[in-house]
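J.: structure here, sequence nowhere to be found:
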Ligand code: NAI
Ligand code: MG
């Protein structure tokens with residue numbers, strides 16, 4: 001395990017954090033993020049750890065015990081993309097991390113970065129419940145006659161405590177980030193118990209924020225349509241696991257796709273920040289990957305540790321590099337390398 005020390009003023013407090021560069025383009029985009037965090041004098045003191053194929057190569061586990069121990073210590077991680085090993089019966093590292101650290105909230109902000117897309121001025125945040133709902137995996141088949149899988153059944157689990165916790169997270173997030181409204185998305189007209197309870201708990205929580213944060217609710221299918229008809233009506237959206245999975249990708253699509261989407265997984269025991277995209281093996285090692293998503297994730301991490309001003313500066317520098325300097329990587333129609341884009345962002349922070 002190596003330790004990476006950011007350059008920082010001697011008076012600044014340092015915050016231990018786990019860094020998982022990851023696989024494929026992971027190390028390239030991680031280097032880019034570290035350069036930008038250095039430029040903004042971020043307070044992190046890194047413990048660099050392996051996971052994914054790197055973990056398998058080193059100790060036969062895509063989520064080595066040392067990596068878990070580091071996150072248990074620091075309770076804070078920045079994670080590059082991990083290649084999912086094919087075969088070998090490995091469980092998804094992302095699911096393992098979610099369970100291990102009870103990362104109950106998945107936060108996916110979406111903001112227009114490059115003008116001239118389908119929608120201008122999008123700025124909304126999706127808060128997805130990350131541990132319950134239809135993702136608990138309670139599924140089975142019922143045999144009929146000679147068909148062993150004639151009937152498939154699946155159950156979801158939502159708890160009042162879990163629904164309350166995620167609603168409180170969404171409202172607290174709204175308060176802390178100057179947001180005006182929380183919209184709860186459900187399907188309580190059909191899934192009356194499963195998502196009815198989620199709605200009921202959310203309404204209870206909303207009362208405590210009355211006068212500070214507006215509240216409304218939408219049925220998920222109508223919400224999906226309204227997101228493409230008039231996305232500007234939404235501010236913070238809070239929803240269950242499956243609906244959140246679907247709507248968060250739809251929302252990323254409003255601002256140009258998954259390539260630029262950052263995410264945070266936040267729980268009682270830890271918070272893990274990551275880019276939504278994968279390890280992009282097709283362009284790995286070529287120096288052309290777009291480091292934007294992981295940079296935005298690191299800005300969320302700064303917000304999370306109370307360094308909102310530094311988070312804001314990183315986002316502003318990214319905006320300036322993209323919009324004013326017009327430095328863009330190939331996936332955004334530009335010709336900049338990872339390094340050139342990183343230098344443009346760092347220059348805006350100087
Ligand atoms: P991917 O996101 O890695 O790549 C899809 C396409 O987008 C590719 O053409 C790639 O070159 C491009 N792309 C992705 N990120 C980019 C970036 N930062 N800059 C420029 N272009 C970028 O998805 P794919 O190919 O399905 O998965 C590759 C591997 O990544 C798989 O092993 C998959 O399991 C893993 N993965 C890991 C994730 C994570 O750790 N959070 C999330 C998604 C996939
Ligand atoms: Mg998904």
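T.: It's in. Since we're looking at a predicted model, the values are computed, not measured. Ligands and ions are numbered 1, 2, ... in the order given.
J.: where exactly do the helices run in the stretch 151-300 of the chain?
T.: For the stretch 151-300 of the chain, the helices defined by DSSP state H, counting those that start in this stretch occupy 160-176, 194-208, 220-229, 241-254, 292-304.
J.: nearest to residue 41, of those helices?
T.: helix 292-304 (10.6 Å; CB to CB). From N, CA and C alone the C-beta is placed, and that goes for glycine too.
J.: what's next to the closest one, contact-wise?
T.: Residues outside helix 292-304 that contact it (CB atoms under 8 Å, 6 or more residues apart in numbering): 17, 29-30, 32-33, 36-37, 40, 42, 44, 76, 78, 80, 107, 109, 113, 177, 259-264, 266, 271, 273-277, 308, 310-312, 314-315, 318, 329, 341, 345.
J.: just the buried members of these?
T.: 17, 29-30, 32-33, 36-37, 40, 42, 44, 76, 78, 80, 107, 109, 113, 259-264, 266, 271, 273-277, 310-311, 314-315, 318, 329, 341, 345 (16 or more other CB atoms under 10 Å).
J.: can you pull the buried residues of stretch 323-341?
T.: Under the neighbour-count criterion of 16+ other CB under 10 Å, stretch 323-341 has 327, 328, 329, 331, 332, 334, 336, 337, 338, 340, 341 buried.
J.: which ones among those residues come in contact with ligand 1?
T.: Contacts with ligand 1 within the buried residues of stretch 323-341, as defined by CB under 6 Å from any ligand atom: residue 331.
J.: would you list the buried residues of stretch 323-341 in CSV and tack on pLDDT and secondary structure?
T.: Below are those laid out as CSV (pLDDT from 0 to 100; DSSP: H, G, I helix; E, B strand; the rest coil):
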residue, pLDDT, secondary structure
327, 97, coil
328, 95, coil
329, 95, strand
331, 92, helix
332, 91, helix
334, 94, coil
336, 97, strand
337, 98, coil
338, 98, helix
340, 98, helix
341, 98, helix
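J.: out of the buried residues of stretch 323-341, who's nearest ligand 1?
T.: Nearest to ligand 1 among these is residue 331, at 4.0 Å by CB to the nearest ligand atom.
J.: my guess is that closest one contacts residue 258. True?
T.: No - counting by CB atoms under 8 Å, residue 258 is not a contact partner of residue 331; they are 10.6 Å apart.
J.: residues contacting the helix or strand hosting residue 69, please?
T.: Residue 69 is located in helix 65-74, with elements delineated by DSSP states H and E. The contact list for helix 65-74, computed with CB under 8 Å, 6+ apart, reads 1, 16-18, 20, 47, 49-51, 55, 59, 77, 97, 100-101, 269-270, 272.
J.: repeat the analysis, applying 10 Å as the threshold.
T.: With contacts defined as CB atoms under 10 Å, 6 or more residues apart in numbering, helix 65-74 is touched by 1, 15-20, 44-52, 54-55, 58-59, 61, 63-64, 76-77, 79, 93, 96-97, 100-101, 269-272.
J.: is residue 77 in a helix, a strand, or coil?
T.: Assigned with DSSP: H, G, I helix; E, B strand; the rest coil, residue 77 falls in the strand class.
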